[in-house]
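Colleague: Show me how the following folds:
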Amino acid sequence: MSDSPKCIDISHWQGTPDFQKVRAAGVLAVIMKATEGTSYRDPVRQTNAVAARRAGLAVATYHWLKPGNAAAQMDFYLKTIQPVPGERVIIDYEEKGCVLADLTTAVAFLLAHPVPLRITVYSGNLLKEQLGSQCMPLLAEHTDLWLAQYTTGTPLWPKGTYPHWTLWQYSESGRVDGITGTAVDLNRFAGTDDELLAWVSPPVAKGELASTEQPQVPEPLPPARPEVSITVPAGVAIRVNGKLVE
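Modeller: Reported below is the predicted structural model:
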């Protein structure tokens, strides 16, 4: 795996980046904060999502989970992002006071959603301390792990539930061209670039438009020529389109 960041995550703290420069720096995917709790929406997420996709970047979102009301939080998250089938949805599980019951309630709510979703759990020490070496089947069977651990060595994670991590946030102090004035979280993916893009992006069925594409608007037809009726007295000849008509 290269140290060049292929995947970054951002929120309103990064403002509105120049995503053309971000893409030119080698970044392939951006994960954006969408919501927090039951009332907070990231104010720049929609603008950034459109700009990032136009620049050719894959985009996914996450929800910052707060203690309690996990089902209501997931309902708020989904109503905000309006996910398409197969979209990657991410639960940011790191706030002090959250317990495993909050996380499992959130996962169960996402699994029950009528639109099929792909679920990831983001966490670091909180999940490691709470899970320990145990295997929690709901998480093991229906989610994958985005690990947060800032180290240059080999990270540690709750292997009883997750035999391997899928995405690893290894730095919170990165610098990326196109994002100025603030540090950026950097991530490594446990796979190839193509696999990263497939992991982040929802699958697009053949014949469907991608979320950033817009249907082509047909050019307007030229205005129809009005029909004109002329009564010609008998025996009088006129010309129509250059031809003599009696």
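
Colleague: Can you show me the helices along the protein?
Modeller: Per DSSP state H, the chain carries helices over the ranges 19-24, 45-54, 70-81, 100-112, 125-131, 137-142, 193-200.

Colleague: export these to CSV and tack on mean pLDDT and distance to residue 153?
Modeller: For every residue, glycine as well, the C-beta is placed using N, CA and C. Converted to CSV, the helices of the chain look like this (pLDDT from 0 to 100; distance: least, Cβ to Cβ, whole Å):
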stretch, mean pLDDT, distance to residue 153
helix 19-24, 97, 28
helix 45-54, 98, 31
helix 70-81, 98, 33
helix 100-112, 98, 27
helix 125-131, 98, 15
helix 137-142, 98, 25
helix 193-200, 97, 22
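
Colleague: of all those, which lies closest to residue 148?
Modeller: helix 125-131 (8.2 Å; Cβ to Cβ).

Colleague: Quick check: buried residues in that closest one?
Modeller: With burial defined by 16 or more other Cβ atoms under 10 Å, the residues of helix 125-131 counted as buried are 126-128, 130-131.

Colleague: and the two most separated of the residues you listed?
Modeller: 126 and 131 (9.4 Å).

Colleague: Give the intersection of the neighbour lists for these two.
Modeller: Common contact partners of residue 126 and residue 131 (Cβ atoms under 8 Å, 6 or more residues apart in numbering): none.

Colleague: which residues does the one residue sitting closest to the centre of the chain form a beta bridge with?
Modeller: For the chain, residue 60 is the residue whose C-alpha lies nearest the centre (Cα atoms, centre = their mean; 2.2 Å). Beta-bridge pairing for residue 60 (DSSP bridges): residue 31.

Colleague: That one and residue 118, how far apart?
Modeller: Noted for residue 60: a distance of 9 Å to residue 118, by Cβ to Cβ, to the nearest Å.

Colleague: still on that earlier bit, nearest to residue 36, of the helices of the chain?
Modeller: Among those, the nearest to residue 36 by Cβ to Cβ is helix 70-81 (8.3 Å).

Colleague: What is that closest one packed up against?
Modeller: Other helices and strands packing on helix 70-81, by 3 or more Cβ pairs under 8 Å, 6 or more residues apart in numbering; DSSP states H and E, are strand 29-36, strand 58-64, strand 87-92, helix 100-112.

Colleague: Touching it from outside, list them.
Modeller: Outside of helix 70-81, the residues within contact range by Cβ under 8 Å, 6+ apart are 34-35, 37-39, 41, 61, 63, 65-66, 87, 89, 101-103, 105-106, 109-110, 113.

Colleague: Let me know the angle separating that helix from helix 45-54.
Modeller: 60 degrees (axes from the mean of the first three to the mean of the last three Cα atoms, to 10 degrees).

Colleague: now could you export just the CA positions of helix 70-81 as CSV?
Modeller: Provided in CSV are the C-alpha atoms of helix 70-81 (Å, rounded to 0.1, in the frame of the first residue of the first chain):
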residue,chain,number,x,y,z
ALA,A,70,-29.8,5.5,17.7
ALA,A,71,-32.8,4.6,15.5
ALA,A,72,-34.0,8.2,15.4
GLN,A,73,-30.4,9.2,14.4
MET,A,74,-30.3,6.7,11.6
ASP,A,75,-33.7,7.8,10.3
PHE,A,76,-32.4,11.4,10.3
TYR,A,77,-29.2,10.4,8.5
LEU,A,78,-31.1,8.4,5.8
LYS,A,79,-33.7,11.1,5.2
THR,A,80,-30.8,13.6,4.8
ILE,A,81,-28.7,11.6,2.3
